[in-house]
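Undergrad: turn this into a model:
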Amino acid sequence: MKNILIKGSGDVLGSPKFIRFIKEKTRKNNIVVICGGGTQISKALIEAGYEIRYDHLGRITKTEEEKDIARKILEKERKNLKRSLNDRNIHIISPILKIGSVECHINADNLVKACYLGFDSVYVFTLKNRVINKKKIFKDYPRIKFVGINK
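TA: Numbering: from 1, shown residues only. Model prediction:
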């Protein structure tokens, strides 16, 4: 039994291809899925009147309201994916770390990097037109496999 990490960009979480892949891998492996939600979070923050800013670690969320918006979207995405997978024994997580009493929002790609050494296989699912950029982001992580999905 292998330990497999699968990161799904928020834009592909509902894709039949993504769901099938997870179900197939679950049969003989221990699966952890990281749910992204960047596009949805950025849209919601803009609608709430926030300026979207990034640094080398990802989107900057400073206020509690910004973090709350992001948390709600990530939790919704996580629950929707769990429902799509029929509550199989799959660990589905959001890229939010709790360090002591501090909630730390982390870019899901950076969470993949942090978890890389603990998994036998790592997959990153994203939109087809983003695969080249993802390969650049993960250039120092040779075991990661990329899957592009049409929207």
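Undergrad: confidence score at Ser15?
TA: Ser15 carries a pLDDT value of 94.
Undergrad: Asp87 too?
TA: Reported pLDDT for Asp87: 64.
Undergrad: please apply the same query to the one 3 residues further on.
TA: Predicted confidence (pLDDT) for Ile90: 90.
Undergrad: please tell me how far it sits from Lys98.
TA: Between Ile90 and Lys98 the computed distance is 21 Å (C-beta to C-beta, to the nearest Å). (Glycine included, C-beta is placed from N, CA and C.)
Undergrad: so for the two, which residue has more residues nearby?
TA: With neighbours defined as other C-beta atoms under 10 Å, Ile90 and Lys98 compare such that Ile90 has more, 19 against 8.
Undergrad: what stretches of this structure score poorly on pLDDT?
TA: Counting by pLDDT under 70, the chain shows low-confidence ranges at 87-88.
Undergrad: which parts of it are helices?
TA: Using DSSP state H, the helices found in the chain span residues 16-26, 38-47, 64-84, 108-115, 131-137.
Undergrad: other residues contacting the longest one?
TA: What it means is helix 64-84. Helix 64-84 is contacted by residues 8, 10, 13-14, 19, 33, 35-37, 40-41, 44-45, 48, 50, 59, 61, 90, 92-96, 103, 105 when judged by C-beta atoms under 8 Å, 6 or more residues apart in numbering.
Undergrad: now list the buried members of those.
TA: 8, 10, 13, 19, 33, 35-37, 40-41, 44-45, 50, 59, 61, 90, 92-96, 105 (16 or more other C-beta atoms under 10 Å).
Undergrad: so for stretch 16-33, what gets flagged as buried?
TA: Neighbour counts over stretch 16-33 (16+ other C-beta under 10 Å) mark 18-19, 21-22, 25-26, 30-33 as buried.
Undergrad: put together JSON lines for those, with distance to Lys145 on each row.
TA: JSON lines is the format used below for the buried residues of stretch 16-33 (distance: C-beta to C-beta, whole Å):
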{"residue": "Phe18", "distance to Lys145": "13"}
{"residue": "Ile19", "distance to Lys145": "17"}
{"residue": "Phe21", "distance to Lys145": "11"}
{"residue": "Ile22", "distance to Lys145": "14"}
{"residue": "Lys25", "distance to Lys145": "12"}
{"residue": "Thr26", "distance to Lys145": "17"}
{"residue": "Asn30", "distance to Lys145": "17"}
{"residue": "Ile31", "distance to Lys145": "14"}
{"residue": "Val32", "distance to Lys145": "15"}
{"residue": "Val33", "distance to Lys145": "15"}
